[in-house]
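Asker: Pasting a predicted model and its sequence here:
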Amino acid sequence: MRAWNLFATNRVRVLVVDADTRRARLTAAAVAARMPNSEVEIALTLTRAETRLLDEDFGAVIACADLAHPSNSAVVRLRPLLEGVLIIASGPEMTDAMDAMRAGADDVLIGGIEPHLAAQRLAARVEEQQARGRLAGAAACLPGAQAAE
């Protein structure tokens, strides 16, 4: 597994949404340790998360589904406010995970948030998103790219 690029110029703002303050802090610390170029905030409610997403630009959100059951309701509320990566920690049922993915989550942690796993999955999703952006930029520079549009 690739290590997070310490010298990347893109800072990623991450919002951790979890009503459990202790778990939210552990997740935020794990993200900050895994992604040193990140800036991490915590919101303890979905309503507060929505307010933060309206006020500021975030590149990623990790949200615990305990805040809104079923897990896809958290996705439905947060996805329109976020262009970046959305990871939802769902309940133990596979159907919860499938519902969250159908609703627009980029990744689902089945059975809740385990801070280090959440940070690892977030780093992977952000890296994938940044790579897609670089590929799209490079493809636009290819001969005939303007003609294809």
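Answerer: Received, thanks.
Asker: could you pull out the helices for this structure?
Answerer: Ranges of helices within the chain are 21-34, 46-55, 71-78, 94-103, 115-140, 145-148, based on DSSP state H.
Asker: Save those helices as CSV, and put in mean neighbour count, distance to Cys64 and mean pLDDT too.
Answerer: From N, CA and C alone the C-beta is placed, and that goes for glycine too. CSV is the format used below for the helices of the chain (neighbours: other C-beta atoms under 10 Å; distance: least, C-beta to C-beta, whole Å; pLDDT from 0 to 100):
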stretch, mean neighbour count, distance to Cys64, mean pLDDT
helix 21-34, 18, 7, 95
helix 46-55, 15, 10, 94
helix 71-78, 22, 8, 80
helix 94-103, 18, 12, 83
helix 115-140, 16, 9, 81
helix 145-148, 8, 42, 55
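Asker: Ok, which of the ones you listed comes nearest Leu109?
Answerer: Proximity to Leu109 (C-beta to C-beta) singles out helix 115-140 among the helices of the chain, at 6.0 Å.
Asker: what does stretch 35-43 contact?
Answerer: 4-6, 8, 10-18, 21, 24-25, 28, 31-32, 49, 51-52, 58, 119, 122-123, 126 (C-beta atoms under 8 Å, 6 or more residues apart in numbering).
Asker: 6 Å instead, please
Answerer: Around stretch 35-43, the neighbours that count as contacts under C-beta atoms under 6 Å, 6 or more residues apart in numbering are 4, 6, 8, 11-17, 24, 28, 31-32, 49, 52, 123.
Asker: coming back round to it: identify whichever of the helices of the chain lies nearest to Val85.
Answerer: helix 115-140 (4.4 Å).
Asker: residues in contact with Gly111?
Answerer: Contacts of Gly111 by C-beta under 6 Å, 6+ apart are Pro92.
Asker: roughly how far apart are it and Ile62?
Answerer: According to C-beta to C-beta, to the nearest Å, Gly111 and Ile62 sit 14 Å apart.
Asker: Could you export the helices of the chain to JSON lines, including columns for distance to Val85?
Answerer: Listed next are the helices of the chain as JSON lines, based on distance: least, C-beta to C-beta, whole Å:
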{"stretch": "helix 21-34", "distance to Val85": "11"}
{"stretch": "helix 46-55", "distance to Val85": "13"}
{"stretch": "helix 71-78", "distance to Val85": "11"}
{"stretch": "helix 94-103", "distance to Val85": "13"}
{"stretch": "helix 115-140", "distance to Val85": "4"}
{"stretch": "helix 145-148", "distance to Val85": "26"}
